[in-house]
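Peer 1: Attaching a predicted model along with its sequence, questions to come.
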Amino acid sequence: MGAYQTALLTGASIGPALGGQLAERWGYTAPFWGFAAVSGLAALFAFLAIPETRRPADADTRPPERGGVGDLLRQRGYAPSCWSPSGSSSPRTAAQWQLIPLVAAHRFGMAPDAIGLALTLSAGVTLVTTPLAGWLADRLPRRGLIVASAASVAVALALIAACPTVPLFWGALTLLGLALGLGGPASSAFAAGCAPAGRLGPTLGLLRTAGDVGFVAGPLVAGFAVAVSGTAFGGGEAAGLFVNAALMAIAAAAFAAGTHSLSPFPRIHRMRLLRALAATLALLAAAPALAEEAPAVIRFGSVGFGPGQPFGTGLVGAAHSKGFVEAEFKDTPTKLEWTYFHATGPAINEALSNRQVDFAVYGGLPNIIGKAGGLPTKILLSGDRTTVFAVARSDLPITSIQDLKGRRVAVQKATIIHFVLLKTLEANGLSEKDVSIVELKNADQLAALQSGAVDAAFGASFLLGLRDQGVVKVIASTKTGGPTVQTFGGVLVHDAFEKAYPGATAKVVRGFVKAAHWAGLEENREEALQVWGKSGIPLSALREDYAGSPVKEQINPLLDDFTLARFAAGIEFAKQQRLIRADVDLKSWVDPSYLNAALRDLGLEGFWTERAADGSPKPRG
C-alpha cells in the first residue's frame, strides 16, 4: 500500500511545479491543456502496457463472508478508520489546492511558478515520507501513526493560516507534507486489517469512498468558512484553513476514541492520547495569535501643492479620493491616514525615517537620496509621470531655456523636479553654474514669481495658474522633451511595515493598481480631473497637464525596463551631483512581486504597455 501511494504521489509532487511554470509562461489555461495531454498519454499507456491483475499465490483464499455496507461498518475498528481518511482528503482539496495558493498569492505576492514550487515541496516531502511510513506501519502501532498524522496535519494547517513570514510558510508546508505522508499507509493498512474474510476489496473501496467525501466536502466547508468569517481568525483564506485544521483535530480525536478498545495498553495509551490531543487543541487555539493582525492604521505620505484641501493628483489622488485602497480594508478595523507634504520629497524622507508614514508616493530623486541615506524601503510599483513646466516672468525677455543663463531660477532641491531642471539645462548646453538656483517650496515659488524675487521657476501644473493670470509664460515642458528629461517615481513601503504586514501590503498595492486602472480608462478622464482638482490646482491647468496622450500612459504602474532605466539614470545622476555618497542596489530595492500578483488577480496584465529601456513600446511575447 505504501508503494502504491508513493507512485501516486510522484505525480502529485511533480505536477504543481510543472503547472506553475506553464501558467507563468502561457497563462492560466496552459496547465489544463498540459493535464489533458498527460492524461491522454497515461490512458494510452494503461491500455497498451498494463496487464490485467492476477490473484497472487498468497492472497486471502478464505471463502467470502456475505453482508453489506452496514456489516462492514460494524467490524471492530473499521468505522473509525473511515473517519480519518475522510478528514485527511480535505487538506488536499481545500487546503493544498485552493486555500494555500491563495495565501501564497495574496499574503506573500508569490507568482504561479513560486506557488507551484511551494506545493511541490509539500507533496515532495509526502512522497519521500510515504515509503518510510509504510515500513513503520508494519512495525509500529498503526493506530498511533494515524492519530499522530491527523494531529500533525491540524497543527501544520493552523501554522500556514497564521504564518506572517515566508520562511515560516515554507516550514509549515514541509510539516504538512510530512504529516500527510506519515498517515497514508497506516490508515489503509489499519482498515485492511479490519476486513472480513474475502471482503478486502469492498473494505478498501468503502474506505476510499469515505476519503472522497472529505475530498468533495472539504472545499465546500472551507469556502463557506471564508465567506462568513469576516475578520475572525484573520478572515478569508486563514479562516478556511483554521476550520480545516479544527476538522482534522476532531477526526484525530474521533478515531482515537473509536479505536481505544483496540489498544494493547488501553489505560496508558488513553492518557497519552488525551495529553497529545489536548496539546494539539492548545496549539490550534494559540495559532490565530500568530496570524498577521490587521494594522490599526496605515499612513500614506505624498506631495502637497499648497493651496486647497489635503488631496493629491495622479495615482495617489485617485487611490485616496475614490477610496480604492480603503475598499481593500472594508472588513477590517484598519484606518487609513493620508498626509500631503508641502516640502515634498525631503519632508517625505524625513517622515519615513521617523516612521510617521508607512507608504510614500513621490519623485524618484528623493526616493534615491533616501535609500542611499539608509532608509529601509522597497519600490512596489511605479508612480505616475508628472509634467514639469519651465516658466519665466512675462515682463522678462526669456523665451527659451538658453535665455535662462545668468537668471534666478526657483526650484526645490533634491526633488524630481530638480532632476528635470538639471537634465534640461544639460540638454540645452547649460549647466547648474550658468544659472542662480533659488531653493523654494511650491507655494513660495508662486509668491516669488509674483513679487519679482525670481526670474523663472521649474514646477508642476500648479504654476499654470500664474500663466493664466498673465504673470508668467511657459518656455518649455517635459511634454516635448525626450525620455531623459521625464520624471519618474515610485510607491514605496517601509521595510518594517512590509515584513510585519505582507497581507496588508498586498491589499495596498491592489488598491493602487485599481486606482491606476480606473484613471487610465478614457471614459473616466473628466471625473479624474475633477477628483484631482481637490488638490487646489485649477481644472484648466490639470486639463493641460494631462492633454495630448492617454492617461494610462502617464499613470503606468509597471516596473518595466523603462522605469528601471530611469531609476538607474537617477542613481548615476545623484552620484555625479554628489547628492549621495553610497551606491544603491536597484535590483534588491525593487520588489515587483506584489504588483505582479495584483495584475494577475485583477486580470490587468495586458492593460498597460510595457516599455523598453528607451521608452519605446516593448514587443509583446
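Peer 2: That came in fine, so what should we check first?
Peer 1: The nearest residue to residue 342 once chain neighbours are set aside: neighbour count?
Peer 2: In space, and not counting its chain neighbours, residue 342 is closest to residue 304: 4.6 Å by C-beta to C-beta, 6 or more residues apart in numbering. For the C-beta atoms, the positions are set from N, CA and C on the backbone; glycine is no exception. Applying other C-beta atoms under 10 Å, we find 23 residues neighbouring residue 304.
Peer 1: Distance of residue 304 relative to residue 326?
Peer 2: 20 Å (C-beta to C-beta, to the nearest Å).
Peer 1: residues in contact with the residue nearest to residue 342?
Peer 2: Counting by C-beta atoms under 8 Å, 6 or more residues apart in numbering, residue 304 touches 310, 312, 340, 341, 342, 344, 442, 535.
Peer 1: Derive a ChimeraX selection command for the buried subset of these.
Peer 2: Per 16 or more other C-beta atoms under 10 Å, the buried members of those correspond to this ChimeraX selection:
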select :312,340,341,344,442,535
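Peer 1: how much space between residue 616 and residue 592?
Peer 2: 21 Å.
Peer 1: what about those two, which has more around it?
Peer 2: Taking other C-beta under 10 Å, residue 616 and residue 592 do not tie; residue 592 has more neighbours (21 against 12).
Peer 1: Excluding sequence neighbours, find me the nearest residue to that one.
Peer 2: residue 559 (4.6 Å).
Peer 1: wait, isn't the one you found in contact with residue 595?
Peer 2: Yes - with contact defined as C-beta atoms under 8 Å, residue 559 and residue 595 form a contacting pair (6.3 Å).
Peer 1: hey, what's in contact with both of those two?
Peer 2: Contacts common to residue 559 and residue 595, judged by C-beta under 8 Å, 6+ apart, are residue 381.
Peer 1: With neighbour numbers in mind, choose between those two.
Peer 2: Neighbours per residue, other C-beta under 10 Å: of residue 559 and residue 595, the larger number sits with residue 595, 24 against 20.
Peer 1: For residue 337, which residues are in contact?
Peer 2: With C-beta under 8 Å, 6+ apart, residue 337 has these contacts: 297, 298, 299, 300.
Peer 1: helix or strand for it, which one?
Peer 2: Element membership for residue 337 (DSSP states H and E) is strand 335-341.
Peer 1: Where does the prediction get shaky in the stretch 101-250 of the chain?
Peer 2: For the stretch 101-250 of the chain, the stretches with pLDDT under 70 are 106, 109, 191-193, 195-201, 203-207, 210-212, 214-215, 218, 222, 225-236.
Peer 1: actually the stretch 351-500 of the chain, sorry about that
Peer 2: 484.
Peer 1: ok, which stretches of it are strands?
Peer 2: Ranges of strands in the stretch 351-500 of the chain, per DSSP state E, counting those that start in this stretch, are 359-363, 377-382, 389-393, 408-411, 436-439, 456-459, 472-477, 489-494.
Peer 1: what comes into contact with the first one?
Peer 2: It refers to strand 359-363. By C-beta under 8 Å, 6+ apart, strand 359-363 touches 298-303, 312, 315-316, 344-345, 348, 351-352, 377, 383, 386, 415-417, 419, 487-494, 497, 508.
Peer 1: Quick one: mark the members of those residues that sit in helices.
Peer 2: Per DSSP state H, helices hold the following members of these: 315, 316, 344, 345, 348, 351, 352, 416, 417, 419, 497, 508.
Peer 1: Looking at those residues, which one is closest to residue 165?
Peer 2: Closest approach to residue 165 among the ones in helices among the contacts of strand 359-363 (C-beta to C-beta): residue 497, at 13.7 Å.
Peer 1: ok, and the closest non-adjacent residue to the closest one?
Peer 2: In space, and not counting its chain neighbours, residue 497 is closest to residue 358: 4.3 Å by C-beta to C-beta, 6+ apart.
Peer 1: number of nearby residues for the one you found?
Peer 2: 26.
Peer 1: which residues touch it?
Peer 2: Residue 358 neighbours (C-beta under 8 Å, 6+ apart): 295, 298, 299, 300, 493, 494, 497.
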